[in-house]
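In: The amino acid sequence is not available; the structure is as follows:
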Ligand SMILES: [Mg+2]
């Protein structure tokens, strides 16, 4: 029997966006006010969300797991930063399993864990697990549901 396909978003799900902002200087934060996702190298400096790495490893044993993220179009370094982040924190388990797209709905699968409904997440053909919602406030709740 085929494993079910699971997609996991990065920012706000695997990676802590706020932790990346904390590494920036005041000048950078001022220069990029209201367009923080365009800060060069921001995405390489994020820490994993609580429980994210452990959960990814556990879920990878059961599901055919991919990272499904959107890289900002105006931030060229974010595209490579995301690859470097995945290699650093998820390693071999995530090898060649990173998908960067603005159309998450074009990926066929069973589950998508995402903290937002943008970039096609709301039209995903499988079940959207809304990370940070009342039902799925954290990784513990997500793993309880999926494992
Ligand atoms: Mg997100």
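Out: Structure received. Computed from a predicted structure; not experimentally measured.

In: Now that residue 114 has come up, it's in contact with residue 133, right?
Out: No. Between residue 114 and residue 133 there is no contact under Cβ atoms under 8 Å: 10.4 Å. Heads up, the C-betas are built off the backbone N, CA and C, glycines and all.

In: of these two, who's got more company?
Out: Ranked by neighbour count (other Cβ atoms under 10 Å), residue 114 and residue 133 place residue 114 first, with 28 against 11.

In: got the residues of the chain near the ion?
Out: 9, 11, 12, 115 (Cβ under 5 Å from the ion).

In: In PyMOL, select just the buried ones from the residues you listed.
Out: Buried residues within the residues of the chain next to the ion, by 16 or more other Cβ atoms under 10 Å, are selected in PyMOL with:
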select buried, resi 9+11+12+115
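
In: For the longest helix belonging to the chain, what does the pLDDT average out to?
Out: If you go by DSSP state H, the chain has its longest helix at helix 76-90. For helix 76-90, the mean pLDDT works out to 97.

In: same deal with stretch 9-18?
Out: On average, stretch 9-18 scores 97.

In: in it, what's buried?
Out: Quick answer for stretch 9-18 (16+ other Cβ under 10 Å): 9, 10, 11, 12, 13, 14, 15, 16, 17.

In: Save those residues as JSON lines, and put in secondary structure too.
Out: Supplementary listing: those in JSON lines, determined by DSSP: H, G, I helix; E, B strand; the rest coil:
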{"residue": "9", "secondary structure": "coil"}
{"residue": "10", "secondary structure": "coil"}
{"residue": "11", "secondary structure": "strand"}
{"residue": "12", "secondary structure": "coil"}
{"residue": "13", "secondary structure": "coil"}
{"residue": "14", "secondary structure": "coil"}
{"residue": "15", "secondary structure": "strand"}
{"residue": "16", "secondary structure": "strand"}
{"residue": "17", "secondary structure": "helix"}
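
In: tell me which strands and helices the helix or strand just after the longest helix of the chain is in contact with?
Out: Moving toward the C-terminus from helix 76-90, the next helix or strand (DSSP states H and E) is strand 98-100. Counting contacts by 3 or more Cβ pairs under 8 Å, 6 or more residues apart in numbering; DSSP states H and E, strand 98-100 packs against strand 64-69, helix 76-90.
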